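*Asks:* got a sequence here, can you build the structure:
(chains A and B)
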Amino acid sequence: MKQISVFFRLIDKFYPPVKVHAHCDVPCGLYDTAAAKMAASTVVKMVEKINALPDDEKDPQKMLEARNSFVRMVITKEQHAEICKRELLILWTDFFKSEHLEMFPQLHETFWHAAKLCSKNKQNISAEAAEELQEAVVKIEEMFLAVKAKSVK
Amino acid sequence: MFFPIARFVVDGKSMQPTFQEGEHLLINKLLYKIKKPQKGDIIVLRDPRDKQRLLLKRVFEIQKDKLEVISDNIDGNDSRTFGPVNIESVVGKVFFRY
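*Replies:* Residues are numbered from 1 along each chain as shown, chains lettered A, B, ... in the order given. Modelled structure (predicted):
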């Protein structure tokens, strides 16, 4: 393996390799609802999986594994509810402008409600709250697409 | 002339902790001509927002003819930002680092 590394390093010296990008920065002006949608779907999935965990496991090892899964699923739910909230706030504060309030007079309330749902999903394990969040994100996506369609015309 | 192997150098931090900036990689360009990418594969693909740009990502979900790709660093840009990508945009699978 070491010889292979040395060989390719030598080639790289004379013929540098191509750059493959692994950047974190978001190109300015690009907005999408995909991230919020995926995060909300993950919250729904985690609630489903948590509810499906066994609660009457007799085998101590299996019980331990179930508890481990529970903790991991709660962490994932927490993280994705936070991602969802952050993505929604970006759309709310950066993408939507005051002129869009004419198109959607309920814009602020819709976002406020969705952001609150993100917090509710962190605090609770509730299939109802998770689905409400998913629906709220879909509603925001509809507004987002309507604004984009209008700006293309 | 088609070379089944290509060399790349990582630029950026979105695949940390798996890949560090400046790491050199080899990819297999032939593999996905005979089989579909698998969940968890580390791939090089064309950026759907700029086809000239190549990205390093992990396959997160496989749909019919699309892939959802994800960064290992939670703050990275991936399908959460730009949505699923076409399978045709995949250049190859990472199989060696040096």
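
*Asks:* alpha carbons only for contacts and neighbour counts from here, please
*Replies:* OK.

*Asks:* what does chain A have sitting close to chain B?
*Replies:* Taking CA under 8 Å from any CA of the partner chain, the part of chain A that reaches chain B is made up of A:5, A:8-9, A:17-26, A:31-36, A:38-39.

*Asks:* A helix includes residue B:55, no?
*Replies:* No. Going by DSSP: H, G, I helix; E, B strand; the rest coil, the assignment for residue B:55 is strand, not a helix.

*Asks:* which residue, neighbours along the chain excluded, lies closest to it?
*Replies:* residue A:21 (4.7 Å; CA to CA, 6 or more residues apart in numbering or on different chains).

*Asks:* check what pLDDT the one you found gets.
*Replies:* Residue A:21 carries a pLDDT value of 85.

*Asks:* wait, doesn't it sit right on residue B:56?
*Replies:* Yes. Under the criterion of CA atoms under 8 Å, residue A:21 makes contact with residue B:56 at 6.1 Å.

*Asks:* so where's chain A shaky on pLDDT?
*Replies:* A:23-30, A:151-153 (pLDDT under 70).

*Asks:* tell me the contacts of the residue of chain A found nearest chain B?
*Replies:* Of all residues in chain A, residue A:35 sits closest to chain B, at 3.6 Å by CA to the nearest CA. Counting by CA atoms under 8 Å, 6 or more residues apart in numbering or on different chains, residue A:35 touches A:83-84, A:87, B:79-83.

*Asks:* quick check, it in a helix?
*Replies:* Yes. Counting by three-state DSSP, residue A:35 is found in a helix.

*Asks:* spatially central residue for chain A, please.
*Replies:* residue A:39 (2.6 Å; CA atoms, centre = their mean).

*Asks:* which helix or which strand is home to that residue?
*Replies:* Using DSSP states H and E, residue A:39 sits in helix A:34-51.

*Asks:* any weak-confidence spans in chain B?
*Replies:* Those would be B:74-76, if you go by pLDDT under 70 across chain B.

*Asks:* for whatever residue of it ends up closest to chain A, grab phi and psi.
*Replies:* Across chain B, the shortest distance to chain A (CA to the nearest CA) belongs to residue B:80, at 3.6 Å. Residue B:80 has phi and psi values of phi -70, psi -30 when expressed as degrees, to the nearest 10.

*Asks:* what's the answer for residue B:50, then?
*Replies:* According to degrees, to the nearest 10, residue B:50 has phi -160, psi 100.

*Asks:* re the thing from before, shared neighbours, residue A:21 and residue B:56?
*Replies:* Listed contacts common to residue A:21 and residue B:56 are residue B:10; contacts here mean CA under 8 Å, 6+ apart.

*Asks:* settle it for me: which of those two has more neighbours?
*Replies:* Between residue A:21 and residue B:56, counting by other CA atoms under 10 Å in any protein chain shown, residue B:56 is the more crowded of the two (31 against 24).

*Asks:* run through the bridge partners of that one.
*Replies:* residue B:44 (DSSP bridges).

*Asks:* does it touch residue B:45 like I think?
*Replies:* Yes. Counting by CA under 8 Å, residue B:45 is a contact partner of residue B:56 at 6.6 Å.

*Asks:* which residues does the residue nearest to residue B:55 contact?
*Replies:* Contacts of residue A:21 by CA under 8 Å, 6+ apart are B:10-12, B:53-56.

*Asks:* which residues does it bridge with?
*Replies:* For residue A:21, the beta-bridge partners under DSSP bridges are residue B:11, residue B:55.

*Asks:* how close does it get to residue B:43?
*Replies:* Applying CA to CA, to the nearest Å, the value for residue A:21 to residue B:43 is 12 Å.

*Asks:* what residues of stretch B:6-16 count as buried?
*Replies:* Across stretch B:6-16, burial judged by 16 or more other CA atoms under 10 Å in any protein chain shown covers B:6-15.
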